[in-house]
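A.B. asks: using only what follows, build the 3D model:
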Amino acid sequence: MIIAKLFRPLLTLLVLSLSLSATATIIDFETFKIRNANGTISAPYDSDLMITENAAGDGFHAITPRGGQKVGYGTNAFNGFQINSFTRAC
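C.D. replies: Numbering: from 1, shown residues only. So this is what the prediction gives:
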């Protein structure tokens, strides 16, 4: 009982700090075109090469009907990180 009374303020502080730091980070992703069917990597891009972000921002829809075409969906939020520095995926 005495131990519980001694640790109550510490536990309260811990719970408060966890609740304050448990906010979500919004990461903005962008769509981009990478390569045409003929291998060129600059505009103008093939007219049938398309990528659009979903309205909810939760993914994308891509159309690359010819071989060699390439599109991307990415973010700069992780620039400078090494892949082995991530400990878990949410």
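A.B. asks: closest to the centroid, which residue in this structure?
C.D. replies: In the chain, the residue lying closest to the centroid (CA atoms, centre = their mean) is Ile27, at 5.3 Å.
A.B. asks: are we agreed that that residue is in a strand?
C.D. replies: No: using DSSP: H, G, I helix; E, B strand; the rest coil, the assignment for Ile27 is coil, not a strand.
A.B. asks: isn't it right next to Gly74, touching?
C.D. replies: No: counting by CB atoms under 8 Å, Ile27 does not reach Gly74; the two are 10.3 Å apart. C-beta: built from backbone N, CA, C; applies to glycine.
A.B. asks: for Ala56, give its distance to Ala24.
C.D. replies: Per CB to CB, to the nearest Å, Ala56 is found 15 Å from Ala24.
A.B. asks: returning to that earlier point: find the residue closest to the residue nearest to the centre of the chain in space, skipping its chain neighbours.
C.D. replies: Ala77 (4.4 Å; CB to CB, 6 or more residues apart in numbering).
A.B. asks: Ile26 versus the one you found, what's the distance?
C.D. replies: 9 Å.
A.B. asks: CA atoms only: put stretch 47-55 into PDB for me.
C.D. replies: Output of stretch 47-55 as PDB, limited to C-alpha atoms (Å, rounded to 0.1, in the frame of the first residue of the first chain):
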ATOM      1  CA  SER A  47      -0.100   9.900 -72.900                       C
ATOM      2  CA  ASP A  48      -1.200   6.400 -71.700                       C
ATOM      3  CA  LEU A  49       1.000   6.500 -68.600                       C
ATOM      4  CA  MET A  50      -1.100   7.600 -65.700                       C
ATOM      5  CA  ILE A  51      -1.000   7.700 -61.900                       C
ATOM      6  CA  THR A  52      -3.600   9.400 -59.600                       C
ATOM      7  CA  GLU A  53      -3.900   9.400 -55.800                       C
ATOM      8  CA  ASN A  54      -7.100   8.100 -54.300                       C
ATOM      9  CA  ALA A  55      -9.500  10.800 -53.100                       C
END
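A.B. asks: what residues does that stretch touch?
C.D. replies: Here stretch 47-55 makes contact (CB atoms under 8 Å, 6 or more residues apart in numbering) with 29-33, 36-37, 59-66, 69, 71-73.
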